[in-house]
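*Asks:* Just the structure for this:
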Amino acid sequence: MEIRFKQPIDFHLKVIETCDHVLSMCVQAKIVITLFQHVCQYEGEFWIACASWDEFTNSLRDSLWQETVLRDMSGYFLLTLRRTDDGLLFVWELRKTGIYSNQKVHVAFSSIIDDGVLGKISSEFFDFPAWW
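*Replies:* The predicted model follows:
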């Protein structure tokens, strides 16, 4: 069970564990952002509530959606799709603070995408085999 798309970033989510008690899944994320001569790479694991997943995908199915956000259960990882005056905006963001709050990381990427890219992203989520 995985999600993968290559535009506007190389994005890969793979389910590595599930929990039926607190309906959720642990995913492994691998993201590569290439911009000219620069590469930013992220790898991590986090839990996503199945209700959050459903809310995200159900919003994408609604033709009137303005913004939809997929976030992990701790609020560190966010994938946002938003309609703006400039077009469809794709945003990926990671915010994490160390145990003693003396270390912080914030990585963000945004890109205007077209309907074709949105269609590919949406179909990955629509085709995901939800077991709940």
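*Asks:* before we move on, which element is Ser52 in?
*Replies:* Using DSSP states H and E, Ser52 sits in helix 50-61.
*Asks:* Give me the secondary structure label for the residue nearest in space to the middle of the chain.
*Replies:* By Cα atoms, centre = their mean, the chain has its centre lying nearest to Leu79, at 3.5 Å. Following DSSP: H, G, I helix; E, B strand; the rest coil, the label given to Leu79 is strand.
*Asks:* ok, back up a step: just after the helix holding Ser52, pick out the following helix or strand.
*Replies:* Next element after helix 50-61 (DSSP H and E): strand 67-71.
*Asks:* Counting by contacts, list what that next one packs against.
*Replies:* helix 50-61, strand 77-84 (3 or more Cβ pairs under 8 Å, 6 or more residues apart in numbering; DSSP states H and E). Backbone N, C-alpha and C define where each C-beta goes, glycine included.
*Asks:* Restricting to C-alpha, output the shortest one in CSV.
*Replies:* Listed in CSV are the C-alpha atoms of strand 77-84, where the atom choice follows Å, rounded to 0.1, in the frame of the first residue of the first chain:
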residue,chain,number,x,y,z
PHE,A,77,4.1,16.6,8.2
LEU,A,78,1.6,18.5,6.0
LEU,A,79,0.6,18.1,2.4
THR,A,80,-1.7,20.9,1.3
LEU,A,81,-3.5,21.5,-1.9
ARG,A,82,-5.1,24.9,-2.3
ARG,A,83,-6.9,26.8,-4.9
THR,A,84,-5.6,30.4,-5.2
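*Asks:* what pLDDT, on average, does it get?
*Replies:* Taken as a whole, strand 77-84 has an average pLDDT of 97.
*Asks:* if we can go back for a sec, for Pro8, find the nearest of the helices and strands packed on strand 67-71.
*Replies:* Closest approach to Pro8 among these (Cβ to Cβ): strand 77-84, 11.1 Å.
*Asks:* any residues touching the closest one, and which ones?
*Replies:* Contacts with strand 77-84, where a contact means Cβ atoms under 8 Å, 6 or more residues apart in numbering, come from 29, 44, 46, 56, 60, 65-71, 88-95, 118, 121.
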